[in-house]
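Peer 1: sharing a model prediction with you, sequence too.
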Amino acid sequence: MINNLLLTPEKRKAAAKKGVATRKRNKEVRDKKLEEGLIYRNGLKEKISAMEARLEILNAQEIMGELACSLTDKRLLREEEISEKSTQWNLQSGVYFLIAGKRVVYVGQSVCVLSRIHTHSSGEIEFDRFAYVSCQVDKLDYLESLYIHFLQPPANGNHTHYGKRAPLSLTELMFINRDIGK
């Protein structure tokens, strides 16, 4: 500023004119970049990029959804819907029941029920549904035996002398019950 005071009026006027021209040129460059989308104010470039990426995903989902409807008459579930309807995975131990029609045809036990039921799908036992009851591993023999003796499922096989084959006989179960009561 002190230097401007030492300049002649003509030189001050020329310096001011040069400054105005420089600012004008810089503004034109900035405006051109804004127009071409090279720069955005207040982080808009990042926001627009994120919205464009989201739009691509939505377009792909729409195409997949239309395809699913045309092929299966079902709509695709969103990831959030699938997650909300999911169940906790664990190696569920328990006693399982293979069912044909309305009849329990087999009773079994496993420390991983779903995996064990899958092995029965090879056709050794005819069934169209299954059910299971969760049970602690150390109680599996007791619960399975009780269900076998109670339901008498045909695919469990017969004991040579009496009743169905089970891990524990009715006599053993009664003695165990007597011992637990003490």
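Peer 2: Received the coordinates, thanks. Numbering: from 1, shown residues only.
Peer 1: and the next helix or strand past the lowest-mean-pLDDT helix or strand in the chain?
Peer 2: Ranking every helix and strand in the chain by mean pLDDT, DSSP states H and E puts helix 2-6 at the bottom, with a mean of 61. Downstream of helix 2-6, the next assigned helix or strand under DSSP states H and E is helix 9-36.
Peer 1: ok now that next one, how far from the chain's centre?
Peer 2: Distance of helix 9-36 from its chain centroid, counting by Cα atoms, centre = their mean, to the nearest Å, is 58 Å.
Peer 1: from Glu56, how far off is Ile63?
Peer 2: 11 Å (Cβ to Cβ, to the nearest Å). All C-beta spots, glycine's among them, are computed from the backbone N, C-alpha and C.
Peer 1: do the same with Arg116
Peer 2: Taken as Cβ to Cβ, the spacing of Arg116 relative to Glu56 amounts to 44 Å.
Peer 1: neighbour count for these two, which is higher?
Peer 2: Neighbours per residue (other Cβ atoms under 10 Å) separate Arg116 from Glu56, with Arg116 holding more: 17 against 10.
Peer 1: C-alpha coordinates for the helix or strand harbouring that one, PDB please?
Peer 2: Per DSSP H and E, Arg116 falls inside helix 113-119. The C-alpha coordinates for helix 113-119 follow below in PDB (Å, rounded to 0.1, in the frame of the first residue of the first chain):
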ATOM      1  CA  VAL A 113     -29.800 -81.100  13.800                       C
ATOM      2  CA  LEU A 114     -30.100 -79.300  10.400                       C
ATOM      3  CA  SER A 115     -26.900 -81.000   9.100                       C
ATOM      4  CA  ARG A 116     -28.100 -84.400  10.200                       C
ATOM      5  CA  ILE A 117     -31.600 -84.000   8.600                       C
ATOM      6  CA  HIS A 118     -29.800 -83.200   5.400                       C
ATOM      7  CA  THR A 119     -28.100 -86.600   5.400                       C
END
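Peer 1: make residue 1 into 44 and carry on from there
Peer 2: Noted, 44 is the first residue going forward, which turns the last one into helix 156-162.
Peer 1: all set, thanks.
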